[in-house]
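In: Got a sequence here, can you model it:
(one chain, ligands or ions: 1)
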Amino acid sequence: MAGIYIHIPFCKQACHYCDFHFSTQTDYRQNLFNQLLQELHFQKEYLGNQPIDSVYLGGGTPSLLHHLEINLLLETIAKIFTLSENAEITLEANPDDLSFQYLKNIKLAGINRLSIGIQTFDADFLKKLNRAHSSETAIQILPLAREAGFTNISIDLMYALPNQSMEQWQQDLSKAIQLKPEHISAYTLTIEPKTVFGVQKAKGKLATPDEDTAASYFENLQEELFKNGYIQYEVSNFCLPHHYSRHNSSYWLQKHYLGIGPSAHSYNGDSRQYNIANNHLYMKAIADGHVPATLEPLTNKEKINDLLLTGLRTIWGVSLLELKENLNYDVIKIHENKLTTLIEKQLAYINNEHLYLTRRGLLVADKIASDLFI
Ligand code: SF4
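Out: This next block holds a predicted model:
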């Protein structure tokens, strides 16, 4: 099974923290959309004959697409690839784009999962982040999507926002829990240098919670979601039973995926492929008949480190047997002392030839993984 990701590189306005690839200039949108369809044809061999069990329209803002465009994208995928009957087909959406009629139309077009970028329910923070939606829309959007027939909804939340108190964060989290989404992705705000927040931070004009405070928000998140029946299946991803995101999981479970569109990347087990992150150069290349991508074959070392970094962030852990037998990396032998310390400190445990992190261990997952790198 494999996945397809399609990047829609347009947004109505730039959020102050965002360094994803997008443009707010949309006059050439139609042309770019046509090139996405063309790229799907160019890339038809990339996944071999693997059936596709997950399609993800991400961005940017895919909910800027007309429902007929979504229909056409999905029809094109179904014509070129073997799309599983029960494939998870997700649209990443901003709350302000989702009218009742639009929701019904995209459901008919084949979208069966929504990933809604709420980020926060707090009106002041929404303004600070420069999000396009209001606090009221954030609260109303889930019931509306339910009414339109969606039974699989994920929301994105952010914590450790500038000057955010623990109480404000708890209010946000509690509103999210009341809405009972099947899936919650919650990320700490990271300040990227080229964003508005990055510039403010460099000038000393942005106060964000320190690492310890951010860690206490994370622990609160784990605790509250656990109490409410959510499973933390990856550091930042939580779901009700049976609602793991196939798309998100494919990255951590080394499933193959094809990325379409500017800045999208692909993975086929042996290499990664990165499409150019420039809309105009992307369109020109596709019009000239080729995909503007850089290919990076993966070395044994990169495969080992990738497995550790991704596996340790999940409840599926990392297979020590796979590392030893397929990649010739015996973690137990090489890192015996480090593993003993991790286990003594109750940050990790070994079961059935897999290494797993505990809830506390997940807090420092990337640090633990890098200590075990080759
Ligand atoms: S966070 Fe989403 S909506 Fe905001 S600028 Fe980034 S891609 Fe666009």
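
In: pull the longest strand from the protein.
Out: strand 83-93 (DSSP state E).

In: where does the residue nearest to Ala202 when sequence neighbours are not counted land on pLDDT?
Out: Closest residue to Ala202 apart from its sequence neighbours, by C-beta to C-beta, 6 or more residues apart in numbering: Pro193 at 7.3 Å. From N, CA and C alone the C-beta is placed, and that goes for glycine too. Looking at Pro193, its pLDDT stands at 94.

In: Look at Pro193 and tell me its secondary structure.
Out: Secondary structure for Pro193, judged by DSSP: H, G, I helix; E, B strand; the rest coil, is coil.

In: residue ranges with poor pLDDT in the protein?
Out: Applying pLDDT under 70 to the chain flags no residue at all.

In: Tell me the residues on it that lie near the ligand, please.
Out: Within reach of the ligand by C-beta under 6 Å from any ligand atom, the chain has these residues: 11, 14-15, 18, 20, 22, 59-61, 94, 117.

In: mind listing which of those are in strands?
Out: Judged by DSSP E, these include 59, 117 as members of strands.

In: got the residues of the chain next to the ligand as JSON lines, with neighbour count columns?
Out: As requested, these are exported to JSON lines (neighbours: other C-beta atoms under 10 Å):
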{"residue": "Cys11", "neighbour count": "19"}
{"residue": "Ala14", "neighbour count": "15"}
{"residue": "Cys15", "neighbour count": "21"}
{"residue": "Cys18", "neighbour count": "18"}
{"residue": "Phe20", "neighbour count": "16"}
{"residue": "Phe22", "neighbour count": "22"}
{"residue": "Gly59", "neighbour count": "24"}
{"residue": "Gly60", "neighbour count": "24"}
{"residue": "Thr61", "neighbour count": "24"}
{"residue": "Asn94", "neighbour count": "23"}
{"residue": "Gly117", "neighbour count": "24"}
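
In: Next, the buried residues of the very next helix or strand once past the longest strand of the chain.
Out: Following strand 83-93 in sequence order, the next helix or strand is helix 100-109 (DSSP states H and E). If you call a residue buried by 16 or more other C-beta atoms under 10 Å, then helix 100-109 has these buried ones: 102-103, 105-107, 109.

In: For Ser236, which non-adjacent residue is closest in space?
Out: Distance criterion C-beta to C-beta, 6+ apart; nearest residue to Ser236, sequence neighbours excluded, is Tyr187 at 5.3 Å.

In: contacting residues for that neighbour?
Out: 156-159, 236 (C-beta atoms under 8 Å, 6 or more residues apart in numbering).

In: show me the biggest helix of this structure in terms of residues.
Out: Looking across the chain with DSSP state H, the single longest helix is helix 211-227.

In: How is this protein divided into domains?
Out: 2-252, 300-372 (automatic domain parsing).

In: out of those domains, deepest packed?
Out: Comparing the domains of the chain by mean neighbour count (mean count of other C-beta atoms under 10 Å), domain 2-252 ranks first with a mean of 18.

In: quick one: that domain to chain centroid distance?
Out: Distance of domain 2-252 from its chain centroid, counting by C-alpha atoms, centre = their mean, to the nearest Å, is 7 Å.

In: For it, measure first residue to last.
Out: Taking C-alpha to C-alpha, to the nearest Å, the first and last residues of domain 2-252 lie 13 Å apart.

In: now do stretch 345-355
Out: End to end - C-alpha to C-alpha - stretch 345-355 spans 15 Å.

In: got a list of contacts for that stretch?
Out: 311-312, 316-321, 331-332, 339, 342-343, 356-358, 360-361, 364, 368.

In: got it, and stretch 364-373?
Out: 235, 304-305, 308-309, 312-313, 331, 335, 338, 342, 347-348, 357, 361.

In: if we go to 6 Å?
Out: Residues outside stretch 364-373 that contact it (C-beta atoms under 6 Å, 6 or more residues apart in numbering): 235, 305, 308-309, 312-313, 335, 338, 357.

In: where do the helices sit along the stretch 1-150 of the chain?
Out: Assigned by DSSP state H, counting those that start in this stretch, the stretch 1-150 of the chain shows helices spanning 29-42, 67-80, 100-109, 123-129, 135-147.

In: Next, the angle from the third one to helix 135-147.
Out: Looking back up the chat, that one is helix 100-109. Interaxial angle, helix 100-109 versus helix 135-147 (axes from the mean of the first three to the mean of the last three C-alpha atoms, to 10 degrees): 40 degrees.

In: picking up where we left off before, direction included, what does the longest strand of the chain pair up with?
Out: Sheet pairing for strand 83-93, assigned by DSSP bridges, gives strand 52-59 (parallel), strand 113-119 (parallel).

In: before we move on, the earlier item: tell me the one among the contacts of Tyr187 nearest to Glu75.
Out: Within those, the smallest distance to Glu75 is 27.9 Å, found for Asp156 (C-beta to C-beta).

In: Packing partners of the helix or strand containing the closest one?
Out: Element membership for Asp156 (DSSP H and E) is strand 153-159. On a contact count with 3 or more C-beta pairs under 6 Å, 6 or more residues apart in numbering; DSSP states H and E, strand 153-159 meets strand 113-119, strand 183-188.

In: Those strands: which one's closest to Leu142?
Out: Counting by C-beta to C-beta, Leu142 lies closest to strand 113-119 out of these; the figure is 7.5 Å.

In: Tell me what angle that closest one forms with strand 153-159.
Out: Interaxial angle of strand 113-119 relative to strand 153-159 (the same axes, to 10 degrees): 20 degrees.

In: got a list of contacts for the strand holding Asp156?
Out: For strand 153-159, with C-beta under 6 Å, 6+ apart as the criterion, the contacting residues are 114-119, 145, 169, 176, 181-189, 217.

In: Next one: the residue in the stretch 151-300 of the chain positioned nearest to the ligand from Asn337, what distance?
Out: The nearest approach of the stretch 151-300 of the chain to the ligand comes at Asp156, 8.7 Å away (C-beta to the nearest ligand atom). If you measure Asp156 against Asn337 using C-beta to C-beta, to the nearest Å, the figure is 39 Å.
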